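Asker: Pasting the sequence and the predicted coordinates here, then a few questions.
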Amino acid sequence: MSPGPVRRRPGRRSSQERRDRFLDAAVEAIRREGPTVSMEAIARQAGVTKPIVYRLFGDREGLLAALGQRMAGEIMAEVTAALEQGPADPKDMLRRAIRAYVTLIDTETEVYRFVTERTVGGATITGLAAEVARAIAVVLGEQLRAAGADSGAAEPWAFGIVGMVHLSGDWWVRTRTLPREQLVTYLVDLLWDGFAALAPDDAAT
């Protein structure tokens with residue numbers, strides 16, 4: 001008689017499932033209480049004790065890294081979707097990508113600030129930008145090849161663009177000194193035209 005299918009014992013979940021459920025609870029707690037939320041409040045939201053948190057993530061830095069990776073994935077998904085919406089004017093494609101990025105950190109500001117403000121030396125904010133840039137480089141390379149252009153520019157361009165947009169967005173979510181769409185326009189104009197607007201009219205003569 002052949003053995004029946006292996007069944008998971010009731011109430012048991014894989015380690016990844018538990019981590020995902022805990023991160024969902026952490027996001028809810030951060031949205032409700034802001035970036036200064038305590039680890040105790042996060043554990044309470046998840047219905048566990050702090051030792052369980054350490055078992056899942058190692059320590060507080062492990063939790064921050066896991067949340068940073070999740071946010072990087074969400075940013076990459078939004079920006080990549082914006083770039084892959086179909087044929088478009090290159091400047092419009094740039095605007096869509098920047099708008100997608102800024103919109104996400106605007107709508108998830110508390111989680112973004114929790115991840116970036118509680119990391120010593122800015123390690124997470126740098127890692128977040130690098131992860132996004134690597135993904136954008138792939139998509140940008142495909143776009144350049146499709147246009148018959150030099151795809152070797154994809155990686156340095158991706159890191160340069162993401163670095164600028166990332167730090168500008170980080171400044172913006174903390175200051176809110178101008179409307180979101182105005183920030184997008186300023187960034188697009190700088191990336192598209194550079195500092196040409198500052199050149200005197202007779203510079204080319």
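Answerer: Structure received.

Asker: Where does the prediction get shaky in this structure?
Answerer: Applying pLDDT under 70 to the chain picks out residues 1-13, 86-88, 118-127, 201-205.

Asker: cutoff 50 now
Answerer: Within the chain, the stretches with pLDDT under 50 are 1-2, 5-6, 8-12, 120-123.

Asker: what are the ranges of the helices in it?
Answerer: Along the chain, the segments classed as helices by DSSP state H run 15-33, 39-46, 50-57, 60-83, 90-107, 109-117, 123-146, 154-175, 180-193.

Asker: Dump those into JSON lines; add mean neighbour count and distance to residue 200 as well.
Answerer: For glycine as for every other residue, the C-beta is placed from the backbone atoms N, C-alpha and C. Output for the helices of the chain, formatted as JSON lines (neighbours: other Cβ atoms under 10 Å; distance: least, Cβ to Cβ, whole Å):
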{"stretch": "helix 15-33", "mean neighbour count": "16", "distance to residue 200": "50"}
{"stretch": "helix 39-46", "mean neighbour count": "18", "distance to residue 200": "56"}
{"stretch": "helix 50-57", "mean neighbour count": "15", "distance to residue 200": "56"}
{"stretch": "helix 60-83", "mean neighbour count": "18", "distance to residue 200": "35"}
{"stretch": "helix 90-107", "mean neighbour count": "18", "distance to residue 200": "24"}
{"stretch": "helix 109-117", "mean neighbour count": "21", "distance to residue 200": "40"}
{"stretch": "helix 123-146", "mean neighbour count": "18", "distance to residue 200": "32"}
{"stretch": "helix 154-175", "mean neighbour count": "17", "distance to residue 200": "25"}
{"stretch": "helix 180-193", "mean neighbour count": "16", "distance to residue 200": "15"}
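
Asker: how far does stretch 40-57 sit from the chain's center?
Answerer: 24 Å (Cα atoms, centre = their mean, to the nearest Å).

Asker: repeat for stretch 51-69
Answerer: Relative to its parent chain, stretch 51-69 has a centroid offset of 18 Å by Cα atoms, centre = their mean.

Asker: Let me see the residues that make contact with that stretch.
Answerer: 15, 18-19, 22-23, 26-27, 39, 42-43, 46, 111, 114-115, 118-119, 124, 127-128, 131 (Cβ atoms under 8 Å, 6 or more residues apart in numbering).

Asker: Report the residue ranges of every domain in this protein.
Answerer: 14-58, 67-194 (automatic domain parsing).

Asker: any idea how far residue 187 lies from residue 155?
Answerer: Look at residue 187 and residue 155: by Cβ to Cβ, to the nearest Å, they are 20 Å apart.

Asker: what does residue 143 give?
Answerer: 13 Å.

Asker: just residue 35 next, same as before
Answerer: Note on residue 35: its distance to residue 155, by Cβ to Cβ, is 32 Å.

Asker: so what's residue 138 up against?
Answerer: Counted by Cβ under 8 Å, 6+ apart, residue 138 has contacts residue 154.

Asker: separation between it and residue 25?
Answerer: 32 Å.

Asker: now swap in residue 48 and tell me
Answerer: When residue 48 is compared with residue 25 (using Cβ to Cβ), they lie 9 Å apart.

Asker: Just list the residues touching the closest residue to residue 187 other than its chain neighbours, thanks.
Answerer: Spatial nearest neighbour of residue 187, chain neighbours left out: residue 98 (5.3 Å); criterion: Cβ to Cβ, 6 or more residues apart in numbering. Contact analysis of residue 98 by Cβ under 8 Å, 6+ apart lists 165, 184, 187, 188, 191.
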